[in-house]
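Trainee: Structure, please.
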Amino acid sequence: MTKEKHVALVGNPNSGKTSLFNELTGSNQSVGNWPGVTVERKSGRLKELTTIVLQDLPGIYSLSPYTPEEVVARDYLLHENPDQLLNIVDGTNMERNLYLTTQLLETGTPMMICVNMMDVVKKEGTIINCEKLAYGLGVPVYPLSVVKKEGMKKIKEQLESDAFKQNKVDNYPLYDDRLEVALDEISQLIKSYVPEHQLRWFTIKFFERDAKVLENTIVSEDIKKEIEEIVQLTEKIMEDDSESIIINERYDFIAQLVALSTVKSKDFKFTASDKIDRVVTNKWLSLPIFAAIMWAVYYLSIQTVGTIGTDWVNDVLFGEWVPNFVGHYLDVWKIAPWLQSLVLDGIIAGVGAVLGFLPQLIVLFLCLSVLEDCGYMARIAFVMDRFFRKFGLSGKSFIPMLIATGCGVPGVMASRTIENEKDRRMTIMTTTFMPCSAKLPIIGLIAGAFFPKSSWVAPSAYFVGIGAIVLSGIILKKTKLFGGKAAPFIMEMPAYHLPRMKNSVRQTFDRSKAFVKKAGTIIFASSVMIWFLMSFNFRFEMVDAGDSMLAAIGKTVAFIFAPLGWGNWQTTIATVTGLIAKENVVGTFGILYGHQELVTETGQEFWPLLSASLTPLAGYSFLIFNLLCAPCFAAIGAIRREMNDWKWTTLAISYQCGLAYMVSFIIYQLGLIFVEGASFGMGQLIASLCLLGVLAMLVKKPRVKREMVVEGIEIL
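Mentor: Numbers count the residues shown, from 1 in each chain. You can find the predicted model right below:
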């Protein structure tokens, strides 16, 4: 039996690494998460030769463990020992990408380099000599354009052969002689404690005083003291700290290498990406363009194309076909009435109500995937960085928020990239204000039931989330807990290119599959529980919904939400079950209203019943509350892990629920005057005072922190 060969694909974000992985593996992929972290793990087998297993590592800039992605990649390379590395380098940004390459060479693993985006490089008038680059690095280097599929055949041939397999452990860049003397001394001290082929990597990490390496490598205290003396002496000689010395030496080596192998056009020319960016990242036009694009995305998914599919699923599939088919066989098999009710009114009504929005989500996922693939999402991060920093927020906060539009859990975890602890905690508290995929069915429900002809409702939910984040940033930055300067934000802009539909469709399929999987597990279990509570009283007698345990519980606490316009027990229960999973809000309504006899045979489900029980203003208030309040249990668990403190977790959840209540209260009470023509009363007075309080916090001057240091003591 032929032995499997494991090849790790490594590269910077936006280098084309995942696109190459998709081209090489096709459908032979498996997707999951790395153990212990919510970072996507993709592995696959080569199309023509399934004995070659490709591991698509997360996009990283270095092997320094600052982010979850870097930790994952570093642990895999050092401990899993892949047979070979395939390093993808963006040819349009050689200096930045080759920094990671120098670190990969030090791991001692055989490697081949692919210089991607050569089509863009040629358009820019730049020439990259891959043979000279290979000579300087000591490893094979091949030109590549994944988009144009140029150079793919050569890469496959090299993967199938062992042409780039080397067993040298000294195939790495050499730096300043003074530094090399120090590194040689350290290597002699630690060589019996680390793997031979990784000696260079560990030597440099000891020199840099890498905390994780020092902690996890078993070395005696005497050797650590001797290494520290060597490092301190070198720092004095080279007049810099150890980490900066290594960084500078790497970039000096890269600068010489690029000068040797690259010839750039003397005349600078604006590329197509530059010309587009002059418009879409313009100081005045960027935000209106962003708003227009998001409106178009939601208009397609919620109001037009997606709605056609949703109407069919609701009206035909789960309105007629599935209930009639299942109901017929339940009658034929003479199933007990209570069990028929569980299947039809509990499982099919609950799960079907959630799956009914799948067509809208598919269109939305596809649109967002296209925006990501063409390079526009990176521009949104840049635009929002410029916008956020005016309000004291870190531009780095937008990346977790962007991720949270898919799911709040990885969005919360992505806050680890923010170095400033105050900014990180504030980002965790506000990230889930962005509508995630689980909240999209709620948006579709309210838009369809109350505003079927209004295209502004769905995108307004997106901008309410951004608005809540911005206002929270302004207000919280003025408090003692979160005061201080925002952390800087640096991001690499990928060149625009036509979206690769194969990648977009695959990504859409993966996200949709995850949604369906959730509907078949969490929503299924929740639907059964809700049906049981709605069908029985506390004496476990089967009763009408209005006399059930669920109704009793809902009626007990419904008064809390009465000032928001939706204080009936059905909406209260839907909101509470939404804490388990936000999709439960729609599933609960499907059971509560689908259980009644008023459901039409055409399968209009519960939209008419819901719109009859609430006014459009109350419906919108309900939507805003469920968008801004505490997220699902999974996201709350992620907040707890990232905060690492129950007090901070409680503060975050309390703030989210409090803000959601206040915003919904203001919208409903003041909306009664402006929308429904009601007279000014106590509710409107309290809402006006709340609004004035928010405005006062917005214009309030931030706390000025005075500090002076006297003999090492900080005085505030």
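Trainee: Relative to residue 423, how far out is the residue nearest to residue 476 when sequence neighbours are not counted?
Mentor: Closest residue to residue 476 apart from its sequence neighbours, by C-beta to C-beta, 6 or more residues apart in numbering: residue 482 at 4.4 Å. Yep, even glycine has a C-beta here, placed from its N, CA and C like the rest. Separation of residue 482 from residue 423 (C-beta to C-beta, to the nearest Å) stands at 8 Å.
Trainee: What count of nearby residues applies to residue 160?
Mentor: Neighbourhood size, residue 160 [other C-beta atoms under 10 Å]: 14.
Trainee: And the protein, what are its domain boundaries?
Mentor: Domains of the chain are assigned by automatic domain parsing as 5-160, 177-263, 287-699.
Trainee: Could you export the ones you listed as CSV, including mean pLDDT?
Mentor: Shown next, in CSV, are the domains of the chain (pLDDT from 0 to 100):
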stretch, mean pLDDT
domain 5-160, 85
domain 177-263, 91
domain 287-699, 80
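Trainee: Put together a markdown table for those domains, with distance to residue 281 on each row.
Mentor: Formatted as a markdown table, the domains of the chain follow (distance: least, C-beta to C-beta, whole Å):
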| stretch | distance to residue 281 |
| --- | --- |
| domain 5-160 | 16 |
| domain 177-263 | 27 |
| domain 287-699 | 6 |
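Trainee: State which helix of the protein is the longest.
Mentor: helix 501-535 (DSSP state H).
Trainee: so after that one, what's the next helix or strand?
Mentor: Next in sequence after helix 501-535, counting helices and strands by DSSP states H and E, comes helix 549-557.
Trainee: got the angle between that next one and helix 501-535?
Mentor: 90 degrees (axes from the mean of the first three to the mean of the last three C-alpha atoms, to 10 degrees).
Trainee: about what we covered before: residue 482 and residue 423: who's more crowded?
Mentor: Neighbour totals were compared for residue 482 and residue 423, and residue 423 leads with 23 against 20 (other C-beta under 10 Å).
Trainee: can you confirm that one is in a strand?
Mentor: No. Under DSSP: H, G, I helix; E, B strand; the rest coil, residue 423 falls outside any strand and is assigned helix.
Trainee: Quick one: residues contacting residue 656.
Mentor: By C-beta atoms under 8 Å, 6 or more residues apart in numbering, residue 656 lies in contact with 429, 432-433, 628-631.
Trainee: What segments of the stretch 151-300 of the chain are strands?
Mentor: In the stretch 151-300 of the chain, the segments counted as strands under DSSP state E, counting those that start in this stretch are 262-263.
Trainee: again, but for the chain
Mentor: Secondary structure of the chain by DSSP state E: the strands cover 5-11, 29-33, 40-45, 52-56, 84-90, 111-116, 127-128, 141-143, 262-263, 708-710, 713-715.
Trainee: Any idea which of the ones you listed gets closest to residue 307?
Mentor: strand 29-33 (29.1 Å; C-beta to C-beta).
Trainee: For the stretch 551-700 of the chain, just list every one of the helices.
Mentor: 569-577, 584-594, 607-613, 616-628, 633-643, 646-674, 682-699 (DSSP state H, counting those that start in this stretch).
Trainee: residues in contact with the last one?
Mentor: Under the contact criterion C-beta under 8 Å, 6+ apart, helix 682-699 has outside partners 471, 474-475, 478, 563, 662, 665-666, 668-670, 672-673, 678.
Trainee: tell me the contacts of residue 466?
Mentor: So residue 466 contacts 433-434 (C-beta under 8 Å, 6+ apart).
Trainee: and the gap between residue 574 and residue 428?
Mentor: Note on residue 574: its distance to residue 428, by C-beta to C-beta, is 26 Å.
Trainee: whoops, I mixed them up, residue 626
Mentor: Counting by C-beta to C-beta, the gap from residue 626 to residue 428 is 20 Å.
Trainee: Residue 205 versus residue 103, what's the distance?
Mentor: In terms of C-beta to C-beta, residue 103 sits 10 Å off from residue 205.
Trainee: Also residue 527?
Mentor: Distance of residue 527 to residue 205, computed by C-beta to C-beta: 52 Å.
Trainee: More neighbours: which of the two?
Mentor: Taking neighbours as other C-beta under 10 Å, residue 527 and residue 205 compare with residue 527 leading, 28 against 24.
Trainee: how close does that one sit to residue 534?
Mentor: 10 Å.
Trainee: Tell me how many other residues surround residue 239.
Mentor: 7.
Trainee: rewinding a little: go through the helices of the stretch 551-700 of the chain and name the closest to residue 8.
Mentor: Minimum separation from residue 8 across the helices of the stretch 551-700 of the chain (C-beta to C-beta) falls at helix 633-643, 27.4 Å.
Trainee: by how many degrees do the closest one and helix 646-674 diverge?
Mentor: 130 degrees.
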